[in-house]
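build me a model:
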Amino acid sequence: VQLQASGGGLVQPGSSLRLSCAASGFAVDDYAIGWFRQAPGKEREGVSCITRRGGRNYYVDSVRGRFTISRDNAKNTVYLQMNSLKPEDTAAYYCVMGGYLCASSPSAFNTWGQGTLVTVSS
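Okay, here's the model as predicted:
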């Protein structure tokens, strides 16, 4: 069971990025898949999550309306489309898998991919 995150980079404020989380060893549609981020000197923060079988999507208030989580079952991949990026979005982003439901606590997710770094700076 593995998660492979990609798509990070250095962008200017107001730009967009799409993060990808490719899964292997399980079907992304069978579990809740989430994105956490961690900025230097800060705790990990839950950003977004999609429940099993696409029931519901969740977003932290600071990204709601700018970020969109989606799932492509054929590619077994979950995406995080990030628009109108701000410097405060700068962080390492991690995709995670847990049970069937979303949660805000990192401890609810037992499988973590490696981080992909997003830097928003002018």
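
which residues sit against stretch 1-20?
Stretch 1-20 is touched from outside by 21-26, 35, 77-87, 92-97, 111-122, with contacts defined as CB atoms under 8 Å, 6 or more residues apart in numbering. Glycine gets a C-beta too; all of them are placed from N, C-alpha and C.

can you rerun that using 7 Å?
Residues outside stretch 1-20 that contact it (CB atoms under 7 Å, 6 or more residues apart in numbering) are 21-26, 77, 79-87, 93-95, 97, 111-122.

stretch 104-113 now?
1, 3-5, 21, 34, 36, 44, 46, 94-98.

now that stretch: average pLDDT?
Average pLDDT, stretch 104-113: 92.

now, of the contacts of stretch 1-20, which are buried?
The neighbour count (16 or more other CB atoms under 10 Å) marks 21-23, 77, 79-80, 82, 85, 93-95, 97, 111-113, 115-116, 118, 120 as buried among the contacts of stretch 1-20.

which of those residues fall within strands?
21-23, 77, 79-80, 82, 93-95, 97, 111-112, 116, 118, 120 (DSSP state E).
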